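Trainee: 3D, please:
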Amino acid sequence: MFRYSIPRRLALIAACAFVLSSCASTEALTTQSQLRDSDSLSASAALGKVNVGGAAWPDDRWWTTLGDPQLDALIGEALAASPAIDAADARTRKALAQSGLADAMRKPILGAGAQVLALQIPETLAGRDIGGKFSVANLLTLSLKYNPDLWGVDKSKWQAAIGNARASEVDAQAARLTLAANIARTYVALAQAFDTLDAANAETTRAEALIALNQQRIKAGLDNTIALNQNRSTSASAKQQAQAAQQQIDALRNALAALAGAGPDRGLQIDRPKLATPDISLPSLLSSDLLARRADIVAARWRVEAAAHGIDASKAAFYPTINLSMMVGLAAGNLGDLFGSNALLVNGGPGLTLPIFEGGRLRNQLMATNADYDLAVASYNQTLLGAIHEVTDAIQAARALGAQIVTTQQARDTAGKAHALVQQRYRAGLATQLDVLAAQRPLLQLDQQLAALNAKRRTAAIDLDQALGGGLSVDAPNTTATK
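Mentor: So this is what the prediction gives:
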């Protein structure tokens, strides 16, 4: 009779559980957001006549197109020693450990124990026959606990943890890309600071030459002090610009050393950059391929997947749970009797828990996970939208800067010809040194403008390489999370 009563009672309890669990309903609790289709974000008209090719995606060493081995070395040092990368890797390891913990919750737990148990029950509770006597029990036990997870609560939690872990792995890759891009931009700024220093020194030299001529003309009674004071002001301003440029060079060197994970002395070893200006082109399948190449998009997609599994776990929590526990052991008052045939101790059996009235806990928990999913979808859609716009911004900036560089170079060539002609006239005695120095001024100004435009053009190339994913190889979820 005892052998068959437990299954029958358990079946009865389970039947009642399904009826009573209807008290905790998921009715009207749904998500509000949907994943956006990348093809809906058209950018062909905004991109215009941009060079498009299938081989235009950057590789994982995209910065080498700038053609400076010193930059390559700095980025290599940073990727190997930066605390920011160490922190990102630590977050990944923590997320993987959390997914391992979630997986462990799905498996049986087996444990063994040994205990010496002292016991005395008061006579007022157990009477004189048992109470008031001190006894000692020696226990050896083997325990088993297992949750069959019939509705997939633990599995969904594990899958959610896996999704978050994958997102953390991708975030670590994105941190490497961001670090490399920041170093490249800072390096370009350092190159521009050196160009600014050159321009300021050249302007100082020109102004000093004008001051010397002004002084000679004043002594000869050919001029007054107006031009002299103007040129002295120009010289002082140029010297101040040179000092500011040198300060910027020092600060940028120090910033590069910090980004590389080194001390300030490393910055003093950085020589003047020697950068090329890379060509810019755009991949032919921008919208669709960008999803698999942008680390932030892939990470956001993994978080949507994790949030979807979180909803599954919250829904499954509305159903009854069954827990199996068993303890087998040996118990005896004397150690010598511990392994006798009469020392067997058995305790355990199935248990069932069902939600009937939770004060709204389960519904609010589901509402929270639905909101988490909507937030993850919104973050994904925003990341996708931002990615398309970042690519477009970089392309448009590069295109506009390219046109400005061509126009400014034409102006510089014209100014160079004018300066050369004045020099010829000066050598022929048909022009003065004042004319030569006056013709030199627009030439120096245009050189400085060209240096600034080239720096912006290189920065636009860096922005585009980063916007296109920086050549990272990341894995997106294989399933489509839709709720």
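Trainee: please make it C-alpha for all contacts and neighbour counts, starting now.
Mentor: Noted.
Trainee: how far away is residue 195 from residue 306?
Mentor: 50 Å (CA to CA, to the nearest Å).
Trainee: quick one: which of those two has more around it?
Mentor: Here residue 195 and residue 306 are set side by side on neighbour count (other CA atoms under 10 Å), and the busier one is residue 306, at 28 against 21.
Trainee: give me the neighbour count for residue 138.
Mentor: Applying the criterion other CA under 10 Å, we find 18 residues in the vicinity of residue 138.
Trainee: wait, residue 138 touches residue 337, no?
Mentor: No. At 9.4 Å, residue 138 and residue 337 do not qualify as touching, with contact defined as CA atoms under 8 Å.
Trainee: if I pick the closest residue to residue 306 other than its chain neighbours, what's in contact with it?
Mentor: In space, residue 306 comes closest to residue 160 once its chain neighbours are excluded; the distance is 3.9 Å by CA to CA, 6 or more residues apart in numbering. With CA atoms under 8 Å, 6 or more residues apart in numbering as the criterion, the residues that contact residue 160 are 305-310.
Trainee: take those residues and keep only those in helices.
Mentor: Assignment to helices by DSSP state H places the following of these there: 305-310.
Trainee: out of those, who's nearest residue 436?
Mentor: For residue 436, the closest of the ones in helices among the contacts of residue 160 turns out to be residue 305, at 69.7 Å, with distances computed as CA to CA.
Trainee: can I assume residue 470 sits in a strand?
Mentor: No. When the secondary structure is assigned by DSSP: H, G, I helix; E, B strand; the rest coil, residue 470 falls in coil instead of a strand.
Trainee: quick thing: my sequence starts at 723, can you match it?
Mentor: All right, first residue 723 from here; so that's residue 1192.
Trainee: ok, it touching residue 784?
Mentor: Yes. Distance between residue 1192 and residue 784: 6.5 Å, which falls inside the contact criterion (CA under 8 Å).
Trainee: which one of the two is surrounded by more residues?
Mentor: residue 1192 (28 against 19).
Trainee: ok, which pair from the contacts of residue 882 is furthest apart?
Mentor: The most widely separated members of the contacts of residue 882, counting by CA to CA, are 1027 and 1032 (8.7 Å).
Trainee: more neighbours: the two, which one.
Mentor: When neighbours are counted by other CA under 10 Å, residue 1027 and residue 1032 differ, and residue 1027 comes out ahead with 28 against 25.
Trainee: for stretch 951-962, what is the distance to the chain centroid?
Mentor: Between the mean C-alpha location of stretch 951-962 and the chain-wide mean there is a distance of 47 Å, by CA atoms, centre = their mean, to the nearest Å.
Trainee: residues in contact with that stretch: which ones?
Mentor: 922-923, 925-927, 929-930, 932-933.
Trainee: list the contacts for the nearest residue to residue 757 once chain neighbours are set aside?
Mentor: Nearest-residue entry for residue 757: residue 1099, 5.8 Å, with adjacent residues in sequence omitted and distances by CA to CA, 6+ apart. Residue 1099 sits next to 755-757, 1022-1023, 1026 when contact means CA under 8 Å, 6+ apart.
Trainee: equivalent analysis for residue 1192, please.
Mentor: Residues near residue 1192 by CA under 8 Å, 6+ apart: 780-784, 899, 1015-1016.
Trainee: now, of these, which are buried?
Mentor: The neighbour-count criterion (16 or more other CA atoms under 10 Å) marks 780-781, 784, 899, 1015-1016 among the contacts of residue 1192 as buried.
Trainee: do a quick rundown of the strands in the stretch 723-872 of the chain.
Mentor: Listed in chain order, the strands of the stretch 723-872 of the chain (DSSP state E, counting those that start in this stretch) span residues 831-842, 856-868.
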